[in-house]
Each structure stands twice: as C-alpha cells, then as structure tokens.
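K.L.:
Any chance you can model this:
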Amino acid sequence: MSEPRIHDDRSSLVVVEVDGRVDMSWNSKKGRSYTVLYSDRKNAPINEWRALPGYIDIKGSGGTMTARDLVPKGINRNYRLRTAVE
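P.N.:
The predicted structure is shown next:
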C-alpha cells in the first residue's frame, strides 16, 4: 500500500518593506493565476481586502513572480495572495 499524496496548492508570499516600498515574491505554478490582495487592517474580513492594481489574475510562469507596492507614509499594509486554477 502506497502513502497518500498530499497536494498543497498554497503559495507563500514573501514580503520585504524598505522605506515605503514593498517588494513581494512567490513561487508560481503554470496553470494557475495569482492576485495580490492588500488591506490596511490586519484582521480585516475578506470583503475589505482589495486587489493591488497591476497584479490581478497574473498567469503563473512556473518560476518566481514579483510585485511592488508604494505604501503611503503612516500606513501599515497587510498582503495575501489569491490563487485560482485557470
């Protein structure tokens, strides 16, 4: 009897902030699309998360993908990655 295969489709979003510029990266998969979401509240309900302009439904390349956000001074922004099957 073989071991069951676990399919984990989540992608980890790496976020680095320097002087108001936020650089993000994640490993993508072909056949998936990605949208970077942000909220200015850490525990905001899902309806308060917004798509980051320019990073909506980006097709996975199979490699590392990147995004950038310029955050207004005094704002503590939170990010998450939405993944969909194409």
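K.L.:
Restricting to C-alpha, output stretch 34-41 in PDB.
P.N.:
Provided in PDB are the C-alpha atoms of stretch 34-41 (Å, rounded to 0.1, in the frame of the first residue of the first chain):
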ATOM      1  CA  TYR A  34      -2.400  35.000  -9.000                       C
ATOM      2  CA  THR A  35      -3.800  38.200  -7.500                       C
ATOM      3  CA  VAL A  36      -2.100  40.200  -4.800                       C
ATOM      4  CA  LEU A  37      -4.600  41.400  -2.200                       C
ATOM      5  CA  TYR A  38      -4.000  44.100   0.400                       C
ATOM      6  CA  SER A  39      -5.700  45.500   3.500                       C
ATOM      7  CA  ASP A  40      -4.800  48.300   5.900                       C
ATOM      8  CA  ARG A  41      -6.300  46.300   8.700                       C
END
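K.L.:
Would you mark the buried spots in it?
P.N.:
34, 35, 36, 37, 38, 39 (16 or more other Cβ atoms under 10 Å). C-beta here means a position set from N, CA and C on the backbone, and glycine is covered the same way.
K.L.:
Would you mind identifying the next helix or strand past the helix or strand harbouring the fourth one?
P.N.:
Following DSSP states H and E, one finds residue 37 within strand 32-39. Using DSSP H and E, the next helix or strand after strand 32-39 towards the C-terminus is strand 50-51.
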